[in-house]
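Undergrad: With the sequence up front, the predicted model follows.
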Amino acid sequence: MNAHFEYLLRIGDSTLILGQRLAEWCGHGPALEEDIALANIALDLVGQSRLILTHAGAVEGQGRDEDQLAFLRAEHQFRNATLVELPNGDFGHTMLKSFLFCTFLRELWAALERSTDAGLAAIAAKSSKEARYHVEHAGDWVIRLGDGTAESHGRMQRSLDDLWSYTTELFAANPTDEAVRHSGIGVGWSSLQPGWEVAVGRVLNEATLVVPAPSAFLSRGKFGVHSEHMGHLLAEMQYLQRAYPGATW
Amino acid sequence: MERKEWPLWEVFIRGRNGLDHKHCGSLHAPDERLALQNARDVYTRRQEGVSIWVVRADHIVASDPDAKAELFDPAADKIYRHPTFFKLPQDVDHM
């Protein structure tokens, strides 16, 4: 697979799958206001995916559009980070997962504003503004729940212990990153790690949460190897286009 | 376990620069920062505003609805308080 296309899929698939997960909260939020906030953020992310996948289809040059890429690929063809496909858990768990990944996205979009791929740079400039709000929203919840009651603190610490090892994948070096970095289309995600660690550390510290010790575990979603949760997510997300190909309304 | 409901906040939105903030509704939120975020998400999704104020509803001091008679009715027959008796120059006639 062409590195440019692959790099775009990693971004567009990650925002799509996180958007799908956050949209699962629709109608189930802890309060009406939070329900709307989650749906807004989910739709921001799906909107970013639409732009990126449309662009990726053009880069690939096989005539595939955003819908074909989103709804007609199989699990192993998705390139999202494993972190975003993990189940939502409780509200705090979702906020923490969202905070960890949206902080990464914020760093990524900011760097991609300087991409030599003008289309990607334009999408990054638009998405950067959205990402800054997503980080603020999720981060505020992480602080409040982490530094909240004994119950909420305990749950948030367990969530952090569960999710932390999936963040290693984000920064793992690989030939695709190296190729796009070389051509100026993208940045190697490993270069975003220091900024991400500072931003995440500041919030986790305020939330009185303890960063777990590093582990050797390396998830491989962005290389197409997904967790057992991904198939279920895709079955739901892709059902309509699979059952009624080309359906529109 | 103790249960606490989130407090109620009144939301005021400024539609455009130069206009004043107008009351547009209320919402529940645990604190002022999240009240602002919720107001942004609930009331400015369709570009309704460029600035938001939130105020805890219980910090607003309101007049007593039962006191309308003594507060507002006496103004009804004081037509001399309206500056409608001055002859204005043609150009500013419709002040």
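TA: Here it is on my side, so go on. Numbers count the residues shown, from 1 in each chain, chains lettered A, B, ... in the order given.

Undergrad: Name the spans of chain B whose pLDDT lies under the cut-off.
TA: B:1-3, B:93-95 (pLDDT under 70).

Undergrad: so where does the residue most central in space within chain B fall, helix or strand?
TA: The structure's chain B has its C-alpha centroid closest to residue B:23; by CA atoms, centre = their mean the separation is 3.6 Å. Counting by DSSP states H and E, the element that carries residue B:23 is strand B:21-28.

Undergrad: what does chain A put close to chain B?
TA: When proximity is defined by CB under 8 Å from any CB of the partner chain, chain A lies next to chain B at A:31-34, A:36-37, A:40, A:133, A:136-137, A:140-141, A:144, A:151. The way it works is simple: take the backbone N, C-alpha and C, and place the C-beta from them, glycine included.

Undergrad: Make a ChimeraX selection of the buried ones in the residues you listed.
TA: Command for ChimeraX that selects the buried part of these, burial taken from 16 or more other CB atoms under 10 Å in any protein chain shown:
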select /A:31,33,34,36,37,40,133,137,140,141,144
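
Undergrad: Return the subset of the residues of chain A next to chain B lying in helices.
TA: A:32-34, A:36-37, A:40, A:133, A:136-137, A:140-141, A:144, A:151 (DSSP state H).

Undergrad: What segments of chain B are helices?
TA: Using DSSP H, helices in chain B cover B:32-43, B:68-71.

Undergrad: Please identify the most buried of those helices.
TA: helix B:32-43 (a mean of 20; mean count of other CB atoms under 10 Å in any protein chain shown).

Undergrad: Is it in proximity to chain A?
TA: Yes. Using CB under 8 Å from any CB, helix B:32-43 reaches chain A at B:33, B:34, B:37, B:38, B:40, B:41, B:42.

Undergrad: can I assume the third one is in contact with residue A:140?
TA: Yes. Residue B:37 is in contact with residue A:140 according to CB atoms under 8 Å; the separation is 6.9 Å.

Undergrad: Tell me which helix or strand residue A:211 sits in.
TA: Secondary structure assignment for residue A:211, by DSSP H and E: no helix or strand.

Undergrad: dump the residue contacts of residue 31.
TA: Looking at chain A here, since you left the chain open. Residues near residue A:31 by CB atoms under 8 Å, 6 or more residues apart in numbering or on different chains: B:6, B:28.

Undergrad: Sorry, I should have been clearer: chain B.
TA: Going by CB under 8 Å, 6+ apart, residue B:31 touches residue A:144.

Undergrad: Would you report the backbone torsion angles of it?
TA: phi -150, psi 180 (degrees, to the nearest 10).

Undergrad: That one and residue B:6: what is the separation?
TA: 9 Å (CB to CB, to the nearest Å).

Undergrad: And the helix or strand harbouring residue A:51, what's buried?
TA: Per DSSP H and E: residue A:51 is located in helix A:32-60. Of the residues in helix A:32-60, A:33-57, A:59-60 count as buried by neighbour count, 16+ other CB under 10 Å.

Undergrad: That one - contacts with which helices or strands?
TA: Where contact means 3 or more CB pairs under 8 Å, 6 or more residues apart in numbering or on different chains; DSSP states H and E, helix A:32-60 is packed against helix A:3-23, helix A:66-71, helix A:91-112, helix A:118-146, strand B:21-28, helix B:32-43.

Undergrad: give me that answer again for 7 Å
TA: helix A:3-23, helix A:66-71, helix A:118-146, helix B:32-43 (3 or more CB pairs under 7 Å, 6 or more residues apart in numbering or on different chains; DSSP states H and E).

Undergrad: So which residues lie in contact with the last one, not counting its own?
TA: Contacts made with helix B:32-43 from outside it, assessed by CB atoms under 7 Å, 6 or more residues apart in numbering or on different chains, are listed as A:33, A:36-37, A:40, A:137, A:140, B:9, B:11, B:13, B:24-25, B:27, B:29, B:52, B:54.
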